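Peer 1: need a 3D model of the sequence below.
(one chain, ligands or ions: 2)
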Amino acid sequence: MKVKIRKKICSGLVAAAMMLTALPVNASAEMVEYSGNLPYSAKSAPFGKQGSEKLTGVVKSFYDQQLKFCKEVSEGKRTGTEFKLELTKKVSVSKLSEYWEEANNAFVYEYPEYSFWLTGSEISASYYDESKVISANINMVASNDYKGSKEKTVDSAKIKAAAANIKKGDKIAAKYEGKSDYEKIKGYCDEICALTEYNHAAAASMEGGNPWQIPWVFDGDPKTNVVCEGYAKAFYYLCKKGGVECFIAMGTANGGDHMWNIAIVDGKSFLVDITNTDGFDEDFEIDVDMPYVFLLKGAADSNENGCTVKTPEKKISWKEGGKSYTYTVYAADVKYIYDDNTRNLYSKSLLTVSKSDYTVHTHKGEGEYKTNGSYHWKNCKTCGGVASFASHKFDSKGVCEKCGAKKK
Ligand SMILES: [Zn+2]
Ligand SMILES: [Zn+2]
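Peer 2: Ligands and ions are numbered 1, 2, ... in the order given. Below you'll find the predicted structure:
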């Protein structure tokens, strides 16, 4: 008996579509309040800036406006899906779609809790000549699962029900408070695998909607199941709530479209693939959960383009009707390749996962401090990962109290 690593298919997050109108329209000014960015914590700081942290200027402003708007829709505060995009500087027609796509890409990777109702976005722009957009409207297009009865609206009751299910995820994250990052990650993996099964019908239909989203993981309903995108987003969401540094990665696994995660533990980045941990053999219709086989994996060949994860042979034994069964999951190589979006979003050092798997150890910085212009740290003797990472704390003479680095 042989278990193939199932081909997990993804919708490809949210695609942006563009509609342009060459009409002379006078734009009326509309103030948009910006909301905050993701926290830039000490755990991920050694890896540089990621996702929206890298955005600046007008792209950052598009990101902020989108986040604020989608958050309000997701929290049931508004049902209309269209908003006027404030243009903080002169933007050409061609740059408008480029900037919007960049902002949209960062948003959907970071906020599954505010993008679960989306299937894409549409831009309509007005201009006299293509070098300067006069005004632009964005329609955040709702998926069929959340569409309202009127055009460009969401169904308020369905949104509220989904938001309530996402809140159940918060409760799961809270259960692991005070545990180590490693214990949290293991716990989140167990919880997600217990809550959902792989949704083969959805993967075959490719229709999008709920099987790609987190409300169907956390709702506790055994009939609502997800594809890889749901697993990866649910894991990311629990990590975010629980204070574990985690990112969503997209690309291919052994050639099939796939979504998985990168998590940082003890100053190193690792691959996490909850979907492939939550196994099920279609031919024999049995669960072949492979606890932690795809959890915090390293790979000898890892680089900023991807890596090959090696999984060991595993025997699963059980008893049924007085008979004993043994099932063998053969050792496998799974080649993960990041797509362009993923490569653009994250730093090379984050994408290049650790050369070896995570091992449980006491993570402790030893020896001399290492420094750069802003930070100092020590390396762990056991794993080589970054430990004791902190910003310099300069005294009155401009010397860091901890590491002795001089202020430049
Ligand atoms: Zn260590
Ligand atoms: Zn220092």
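
Peer 1: the helix or strand containing S388 near ligand 2 anywhere?
Peer 2: According to DSSP states H and E, S388 maps onto strand 386-391. No: residues of strand 386-391 are not located near ligand 2 by Cβ under 5 Å from the ion, the shortest gap being 7.1 Å. For glycine as for every other residue, the C-beta is placed from the backbone atoms N, C-alpha and C.

Peer 1: partner strands of that strand, with direction?
Peer 2: If you go by DSSP bridges, strand 386-391 pairs up with strand 375-380 (antiparallel).

Peer 1: next, the buried residues of the strand holding S388.
Peer 2: Buried residues in strand 386-391, counted by 16 or more other Cβ atoms under 10 Å: 386-389.

Peer 1: pLDDT added to these, as CSV?
Peer 2: Below are these laid out as CSV (pLDDT from 0 to 100):
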residue, pLDDT
V386, 83
A387, 82
S388, 80
F389, 81
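
Peer 1: what is the neighbour count of P312?
Peer 2: 10 (other Cβ atoms under 10 Å).

Peer 1: nearest spatial neighbour of it, skipping sequence neighbours?
Peer 2: A331 (5.5 Å; Cβ to Cβ, 6 or more residues apart in numbering).

Peer 1: next one: E368
Peer 2: E368's closest residue in space is K378 (Cβ to Cβ, 6+ apart), at 7.4 Å.

Peer 1: quick one: contacts for the one you found?
Peer 2: Contacts for K378 (Cβ atoms under 8 Å, 6 or more residues apart in numbering) come out as 365-370, 387-388.

Peer 1: out of those residues, which is nearest to ligand 1?
Peer 2: A387 (6.4 Å; Cβ to the ion).

Peer 1: can you report phi and psi for the closest residue to that closest one other than its chain neighbours?
Peer 2: Once flanking residues are discounted, A387 sits nearest to G365: 3.3 Å by Cβ to Cβ, 6+ apart. Phi and psi for G365, reported as degrees, to the nearest 10, are phi -70, psi 140.

Peer 1: how close does G365 get to ligand 2?
Peer 2: 13 Å (Cβ to the ion, to the nearest Å).

Peer 1: number of nearby residues for that residue?
Peer 2: 19.

Peer 1: in which helix or strand does A106 reside?
Peer 2: Using DSSP H and E, A106 falls in helix 93-110.

Peer 1: what is that helix packed up against?
Peer 2: Contacts defined by 3 or more Cβ pairs under 8 Å, 6 or more residues apart in numbering; DSSP states H and E place helix 93-110 against strand 15-21, helix 57-74, helix 112-115, strand 118-127, strand 133-142, helix 340-345.

Peer 1: need the winner for burial among the ones you listed.
Peer 2: Counting by mean count of other Cβ atoms under 10 Å, helix 112-115 has the highest mean neighbour count of the helices and strands packed on helix 93-110, with a mean of 24.

Peer 1: which strands and helices sit next to that helix?
Peer 2: Against helix 112-115 (3+ Cβ pairs under 8 Å, 6+ apart) you get helix 57-74, helix 93-110, helix 228-242.

Peer 1: tell me how many other residues surround V293.
Peer 2: 17.

Peer 1: do K297 as well
Peer 2: 25.

Peer 1: ramachandran angles for it?
Peer 2: According to degrees, to the nearest 10, K297 has phi -90, psi 140.

Peer 1: residues near E183, how many?
Peer 2: With other Cβ under 10 Å as criterion, E183 counts 12.

Peer 1: setting aside sequence neighbours, what's the nearest residue to it?
Peer 2: Y176 (6.7 Å).

Peer 1: if we can go back for a sec, could the buried residues of strand 386-391 go into a markdown table alongside distance to K240?
Peer 2: Listed next are the buried residues of strand 386-391 as a markdown table, based on distance: Cβ to Cβ, whole Å:
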| residue | distance to K240 |
| --- | --- |
| V386 | 21 |
| A387 | 23 |
| S388 | 24 |
| F389 | 20 |
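
Peer 1: which one of these sits closest to T252?
Peer 2: V386 (29.6 Å; Cβ to Cβ).

Peer 1: quick check: bridge partners of that closest one?
Peer 2: Here V386, judged by DSSP bridges, has bridge partners N379.

Peer 1: and the gap between it and ligand 1?
Peer 2: From V386 over to ligand 1 (counting by Cβ to the ion), the distance is 9 Å.

Peer 1: the closest residue to N261 other than its chain neighbours: how many residues sit nearby?
Peer 2: Using Cβ to Cβ, 6+ apart and skipping the chain neighbours, the partner closest in space to N261 is V272 (4.2 Å). The burial count assigned to V272 is 30, neighbours taken as other Cβ under 10 Å.

Peer 1: what do you get for K223?
Peer 2: Residues near K223, counting by other Cβ under 10 Å: 7.

Peer 1: near ligand 1, which residues of the stretch 201-350 of the chain?
Peer 2: D266.

Peer 1: in CSV: the helices and strands packed on helix 93-110, plus distance to ligand 2 and mean pLDDT.
Peer 2: Output for these, formatted as CSV (distance: least, Cβ to the ion, whole Å; pLDDT from 0 to 100):
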stretch, distance to ligand 2, mean pLDDT
strand 15-21, 43, 39
helix 57-74, 29, 97
helix 112-115, 36, 95
strand 118-127, 43, 89
strand 133-142, 44, 93
helix 340-345, 29, 94
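
Peer 1: nearest residue to the middle of this structure?
Peer 2: Central residue of the chain (Cα atoms, centre = their mean): I248, 2.8 Å from the mean position.

Peer 1: you'd agree that residue is in a helix?
Peer 2: No: I248 is assigned strand when assessed by DSSP: H, G, I helix; E, B strand; the rest coil, not a helix.
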